[in-house]
Structures are given as structure tokens and as C-alpha cells.
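Novice: how would this look folded up:
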Amino acid sequence: MARKRPEPVQVVKQRRDAALNALVEGVPYIRFLGINFDRRGDELTGVLNFDEKLIGNPLLPALHGGVTAAFLEVTAVITLSWEKMFPKIESGEIDADDILSDDSIRFPKTIDFTVDYLRSGLPRDAYARAFINRSGRRYASVRVEAWQDNHARLFAQGTGHFLMPQNPEPKG
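Specialist: The predicted structure is shown next:
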């Protein structure tokens, strides 16, 4: 029996990118803030694209604290969702169309989220990466770091706990 040939890398990359874009584009608030994600393999980096509307204090100028907190929380939620969906995306069980149209695909719900503001966010693009400390069937704990020009100089960090979505009961 002949082994199935692996898919070309371009096909795999396109499927992953389409699924991630569907995940992010399906949330209007993420689009409003101008957040997108850079994917390298299974690792995601959130990108907050600078826009004047994100400024909280025009005298400094500095990013609004609520925008910073939302950016960190969105990065955590998308990273958790991606980690949960990645095996199904890889197997072809779900694709971008499913993510956009399937009501059974749900995001983790925030239990609590704490932000440490380490310095002012400057009027430029920002980046964030989430690190999953624990992810079980019901609960997840995530740490997020945000930086701008230098990854070693964080401007904010956050810690969150999330209620993981449960698989829906089969209809019958």
C-alpha cells in the first residue's frame, strides 16, 4: 500500500494562515483595534498596528491603557484558541470556512486578567506573545508580554485565567 504523499508546504501554510485570519477577522473589536497576528509554525505574535485613535494621552503621547490591556487579553485568547484548534486545522477537520460559519467554535472566556504597566506605550506598533502556563479541559492560565522596539524592554505584561470552551453536546 502506497503512503500518502505529504502536502506541499505552500498548501499547509495557506491553510494555517487562512484559519488564523478567519479566527482574528471574525471578531469586530480585534479589527477595530487593528490587531493581527504573525505566525511562525505554531507560534503566534500579536501585532497592534499603530493608529492615532489608540492614543490615550496626547500630551505624552502614549497608548491608552485600555488599548494595551485589550491587546494583551486578545493575544492570550487568540493564542489559547489557536493552540486548541491547531490539531484540527492540521488534520483538515476544520478550515477557515468552518471557523467563520460554525457556531460550535467558541473562544475561551476570561475569568480574570491582570496587567502590569511597566512604561508608557509609545505611538508606534506594538508586539505581544502569550505563553500558556497551563491549559486543561476547563481552565487555562496564560502570561503575556508586550514590547515595541526591543523585546527585552517590555512596556506591559499580563496574567490571565480563562474558562475553556466545552465541546457542545451532540444533537440527537
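
Novice: and the helix or strand of the chain with the lowest mean pLDDT, which residues are buried?
Specialist: In the chain, no helix or strand scores lower on mean pLDDT, DSSP states H and E than helix 96-101, which sits at a mean of 79. Neighbour counts over helix 96-101 (16 or more other CB atoms under 10 Å) mark 96, 98-99 as buried. Every C-beta, even on glycine, is put in place using the N, C-alpha and C of the backbone.

Novice: now for it, which elements pack on it?
Specialist: Contacting helix 96-101 under the criterion 3 or more CB pairs under 8 Å, 6 or more residues apart in numbering; DSSP states H and E are the following elements: helix 9-25.

Novice: immediately after the helix it packs on, which helix or strand?
Specialist: Beyond helix 9-25 in the direction of the C-terminus, DSSP states H and E gives the next helix or strand as helix 28-33.

Novice: list the strands paired with the next helix or strand after that next one, with their directions.
Specialist: Past helix 28-33, heading to the C-terminal end, the next element that is a helix or strand (DSSP H and E) is strand 35-40. Under the criterion DSSP bridges, strand 35-40 sits next to strand 43-48 (antiparallel) in its sheet.
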